[in-house]
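**Q** What shape does this take:
(one chain, ligands or ions: 2)
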Amino acid sequence: MHRICPVCNGLSKLSARCPVCGLAAEDHGRYNDLIGPYSPYRPIDELSASNGLPDLALHACAHTAFCRNCAHAFPVYIQEEAH
Ligand SMILES: [Zn+2]
Ligand SMILES: [Zn+2]
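**A** Numbering: from 1, shown residues only. Ligands and ions are numbered 1, 2, ... in the order given. Predicted coordinates for the structure are as follows:
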């Protein structure tokens, strides 16, 4: 048994509302992809263990949601499903 993110695997759509304007935001991929490998927010000693986000502990996949209406991007944690 392993856990997969239903959004990454195309099983369901990311559903999130923009906290600024309240309209539906769209999935812009994994949060890690946005911040990149050289993120200044990531402590150097956690490079191999974690990306600095709580996704490992929560079994959640961090995605970036993007609102086209006001160009606001924010992280959304997708609960991974056991298969
Ligand atoms: Zn995902
Ligand atoms: Zn918005």
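**Q** What pairs with the helix or strand where A73 lies, parallel or antiparallel?
**A** For A73, the host element (DSSP states H and E) is strand 72-79. Sheet pairing for strand 72-79, assigned by DSSP bridges, gives strand 60-67 (antiparallel).
**Q** Surely P75 touches Y31?
**A** Yes - taking contacts as CB atoms under 8 Å, P75 lies within contact range of Y31: 5.0 Å. Using the backbone N, CA and C atoms, a C-beta is placed for each residue, glycine as well.
**Q** Next to ligand 2, which bits of this structure? Give me the list.
**A** Within reach of ligand 2 by CB under 5 Å from the ion, the chain has these residues: 18, 20-21, 67, 69-70, 72.
**Q** Give me the below-cutoff pLDDT ranges for this structure.
**A** 32-57 (pLDDT under 70).
**Q** Repeat the analysis, applying 50 as the threshold.
**A** 38-40, 42-49 (pLDDT under 50).
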